[in-house]
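Novice: with the input below, show me the fold.
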Amino acid sequence: MSSKVSTNHQLPPGEVETAEYAVEQLRQENFTLHNEIELRSQENALLNEVISTVGSTLRLDEVLRHLVDTVVRATSCDVAFIYLYDKDKERLVLASANEQYRRLVGKLSMALGEGIAGWVALHRKPVFLKEEALEDPRFCYFPELEEEKFQSIMTV
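Specialist: Predicted coordinates for the structure are as follows:
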């Protein structure tokens with residue numbers, strides 16, 4: 001005994017467009033989900049790298065240097081600085097920077113409220129200036145940092 005299954009189904013005219021639309025929506029959703037998974041995977045890899053760095057040494061300067069390098073890679077920015085608050089001096093002190101600015105670590109400082117980093121530290125709110133960062137009234141120019149080259153600034 002044999003049986004045949006027909007796979008040739010005809011959809012009514014209005015349902016063809018509906019099915020095509022549904023398939024396209026599923027493709028777009030799949031693409032979006034794939035991109036989100038890829039982004040989450042990159043974020044997880046970055047977090048694992050930071051956790052590994054923090055746990056690998058007790059030397060703060062090494063941890064901060066690695067964090068600067070990681071931030072530069074993760075955000076595709078040109079420069080990153082980390083300032084730490086010195087309670088004795090009551091100032092934010094440059095604690096880490098990219099290779100070209102490491103000579104300035106420990107030498108540059110600003111008061112709370114001074115410059116964008118000082119404003120962020122005082123108000124505990126991030127600042128993202130997409131364009132014309134130097135024009136912001138909170139900006140404090142440090143010639144040693146060659147800040148005239150900066151177009152945008154993100155400070156957290």
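
Novice: go ahead and confirm Arg151 touches Glu131.
Specialist: Let me fix one detail, which is that residue 151 is Gln and not Arg. Yes - in this structure, Gln151 is within contact of Glu131 by CB atoms under 8 Å, at 6.5 Å. The C-beta positions use only the backbone N, C-alpha and C, and glycine is treated the same way.

Novice: higher neighbour count, those two?
Specialist: Between Gln151 and Glu131, Gln151 has the larger neighbour count (other CB atoms under 10 Å), namely 11 against 7.

Novice: mind listing what the more buried one touches?
Specialist: Listed by CB atoms under 8 Å, 6 or more residues apart in numbering, the contact partners of Gln151 are Glu131, Glu132, Ala133.

Novice: try it again at 10 Å.
Specialist: By CB atoms under 10 Å, 6 or more residues apart in numbering, the residues touching Gln151 are Asp78, Leu129, Lys130, Glu131, Glu132, Ala133, Leu134.

Novice: next one: Phe81
Specialist: Contact analysis of Phe81 by CB under 10 Å, 6+ apart lists 68, 71, 94-98, 101, 104-105, 108, 117, 142, 145, 155.

Novice: can you pull the phi/psi pair for it?
Specialist: Main-chain torsions, Phe81, degrees, to the nearest 10: phi -130, psi 150.

Novice: from Arg27, how far out is it?
Specialist: As judged by CB to CB, to the nearest Å, Phe81 and Arg27 stand 43 Å apart.
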